[in-house]
Structure formats: structure tokens, C-alpha cells
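Structure here, sequence nowhere to be found:
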């Protein structure tokens with residue numbers, strides 16, 4: 001699936017490049033390809049990404065750098081660098097290194113799919129509204145990653161978000177004080193940096209922060225409701241059964257985070 005997404009959005013990137021309104025935007029896209037390739041290869045070399053994950057990151061990074069400019073690139077790099085920094089380094093010992101340690105293509109797209117969609121919408125409709133949504137997607141992904149990484153290593157009590165039953169740290173849908181605090185700090189960090197580099201109003205900070213926290217909580221709720229119970233959903237008409245994997249839950253929660261920010265800005269800012 002990740003390779004199909006890579007091919008689809010590479011085609012879209014070419015279309016955007018050809019139809020770009022001015023040479024400056026075309027140069028931004030070309031620069032985006034170069035910078036995304038450099039950072040993605042570095043992540044691959046340092047075992048942060050698998051080969052498929054590297055190619056997916058190049059595609060997503062091209063849109064982020066090319067359509068969002070250096071300002072959005074700073075925000076996206078803050079998410080990536082902070083996520084790598086707080087990751088459980090014990091998993092990276094030579095004797096424990098495996099392909100599963102690296103983020104795969106689907107994992108990368110789970111956090112970046114809606115980012116790309118909102119950036120395309122921002123370019124097509126020439127609207128900053130979708131840019132706020134794209135930033136909220138990054139903020140939601142950062143909050144969820146910090147909560148998962150730090151919350152799963154906490155000695156504190158962890159509770160299932162649906163019924164507050166005590167569970168082991170790292171359980172799908174589990175929340176803890178340390179993990180929730182980490183999510184708050186991550187959301188504040190992304191929202192604050194975004195407001196600063198884009199010179200946005202303080203009200204946008206509140207919108208991005210709130211959307212990120214709600215998106216992160218929705219991620220935990222879906223994890224408890226579907227992943228923890230191994231439940232699936234059968235789509236009507238086509239009668240297709242969908243299993244809620246971690247990647248699907250991440251995709252849904254980041255999308256909701258972005259949409260919440262867009263709707264909030266539309267009505268309240």
C-alpha cells in the first residue's frame with residue numbers, strides 16, 4: 001500500500017510542478033525533493049527508517065518542503081527529530097537491531113497522509129485555512145508519538161481510556177499521567193513554534209493545541225475500542241471487513257486533529 005501511495009503522490013507532485021503558477025514555487029518543489037531526500041537518507045542510515053519508509057518520507061517531505069516552504073519544514077523536522085530523540089534507545093542495541101525497529105512506509109504515511117492532503121488543498125484553493133490543518137496534523141502526530149514513547153516506559157499506573165481499568169504500560173488505549181503530560185508538552189511545542197515561524201495569531205495556537213490533544217485522545221480511544229479488543233468493522237454495501245491496525249488508527253486520529261483545527265478556525269478564529 002505504501003508503494004502505491006508513493007507512486008500516486010509522486011504523480012501528483014509532477015502535476016503540481018508542471019502547473020505551478022510561478023518559477024519560484026517550482027524551485028521550491030525541486031529544493032523540496034533534494035532536502036527531503038537528504039534528511040530521509042540520513043534517517044535510513046541511522047536506522048530510523050526502513051527502505052520503504054525512506055522513500056515514503058521523501059515523497060511526504062517533498063510536499064512539506066515544496067508546498068509548505070522552509071517554515072513548515074522546520075515544524076516537520078521538529079516532529080521527526082524530537083520523535084527520534086525520545087525513542088527507546090534500548091531497542092537500538094546491536095544485538096536487538098531488527099527491521100521492525102525502523103519506521104516502515106505505512107508508518108510514515110500514517111502520520112503524513114493528511115499532511116500532504118491539506119497542503120495540496122492549501123495550494124489548490126490558495127487558503128491558509130488548510131495550512132493550519134496541516135500544522136495540526138503534525139502537532140497531533142507529535143503528541144501521540146511522545147505519549148506512546150514516554151507513556152509506555154512509565155512506572156506510573158496506566159489505565160484504559162474507555163473504562164479506566166488498570167493495564168500494563170504500552171497497552172493500546174492506555175493512558176497515564178506521564179504519557180498525557182508528554183502529549184501536552186509536545187502539542188505546546190509544535191503549536192508555539194508554528195505560531196512563531198508563521199507569525200500567526202495566538203488564537204491559532206489554542207486551536208492547534210486543542211486539536212492535537214483531542215486527536216491524541218481519539219487515538220487512544222480507538223486503540224482501546226478496536227485494537228485492544230481486536231474488533232473489526234464491516235463496511236456496508238461492499239461488505240468489506242476492516243481491521244484497525246495501529247497505522248489505521250494513527251491515520252484517522254491525525255486526520256481528525258487536522259479537521260478539528262480547520263473547523264475551529266473557520267468558526268472561531
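Thanks, I have the structure now. None of these values were measured; they are calculated from a predicted model. Numbers count the residues shown, from 1 in each chain.

Who are the contact partners of the residue nearest the centre of the chain?
Note on the chain: the residue nearest the mean C-alpha position is residue 111, at 2.9 Å, using CA atoms, centre = their mean. Going by CB atoms under 8 Å, 6 or more residues apart in numbering, residue 111 touches 137, 141, 145, 250, 254. Any C-beta I mention is one placed from the backbone N, CA and C, and that applies to glycine too.

Determine which two of the residues you listed are furthest apart.
Maximum pairwise distance among these (CB to CB): 12.5 Å, between 137 and 145.

which one is residue 66 nearest to, not counting chain neighbours?
Leaving aside its sequence neighbours, residue 66 sits nearest to residue 32 (CB to CB, 6 or more residues apart in numbering; 3.2 Å).

That neighbour is in what secondary structure piece?
Assigning secondary structure by DSSP states H and E places residue 32 in helix 23-45.

Distance of the residue nearest to the centre of the chain relative to residue 128?
Applying CB to CB, to the nearest Å, the value for residue 111 to residue 128 is 22 Å.

any weak-confidence spans in the stretch 51-200 of the chain?
88-101, 154-156 (pLDDT under 70).

where do the helices sit along it?
51-86, 105-124, 128-151, 177-198 (DSSP state H, counting those that start in this stretch).

what's the most buried one of those?
Counting by mean count of other CB atoms under 10 Å, helix 128-151 has the highest mean neighbour count of the helices of the stretch 51-200 of the chain, with a mean of 27.

Now do the same contact list for residue 129.
122, 262, 265-266.

What of residue 58?
Taking CB under 8 Å, 6+ apart, we find residue 58 in contact with 33, 36-37, 40.

Domain boundaries for this structure, per the record?
1-85+104-125, 127-269 (automatic domain parsing).

Of the helices of the stretch 51-200 of the chain, which is nearest residue 12?
Nearest to residue 12 among the helices of the stretch 51-200 of the chain is helix 105-124; the distance by CB to CB comes to 6.9 Å.

Off-centre distance for that closest one?
9 Å (CA atoms, centre = their mean, to the nearest Å).

likewise stretch 142-158?
16 Å.

gap between the two ends of that stretch?
Start and end residues of stretch 142-158 are separated by 20 Å (CA to CA, to the nearest Å).

any residues touching it, and which ones?
By CB under 8 Å, 6+ apart, the residues outside stretch 142-158 that reach it are 78-79, 82-83, 86-88, 111, 166-171, 174-180, 182-187, 189-190, 212-213, 215-216, 219-220, 250, 253-254.

For the helix or strand hosting residue 266, the averaged confidence score.
In this structure, residue 266 sits in helix 246-268 according to DSSP H and E. In this model, helix 246-268 has an average pLDDT of 93.

Any idea how many residues pack against residue 251?
19 (other CB atoms under 10 Å).

Residue 148 and residue 172: what is the separation?
Counting by CB to CB, the gap from residue 148 to residue 172 is 10 Å.

Equivalent analysis for residue 217, please.
With distances taken as CB to CB, residue 217 is found 14 Å from residue 172.

In terms of neighbours, single out the busier of the two.
residue 172 (22 against 19).

ok, now which ones touch that one?
With contact set as CB under 8 Å, 6+ apart, residue 172 has these partners: 223-224, 227-228, 246.

Which member of those is positioned nearest residue 9?
Among these, residue 246 lies closest to residue 9 (CB to CB), at 21.7 Å.

neighbours of the residue nearest to the closest one when sequence neighbours are not counted, just the number please.
Using CB to CB, 6+ apart and skipping residues adjacent in sequence, the residue nearest residue 246 is residue 227, 6.7 Å away. For residue 227, the neighbour count with other CB under 10 Å is 18.

Could you do residue 199 as well?
7.

before we move on, what about residue 42?
When neighbours are counted by other CB under 10 Å, residue 42 registers 12.

How about the one 4 residues further on?
Residue 46 is flanked by 11 other residues according to other CB under 10 Å.
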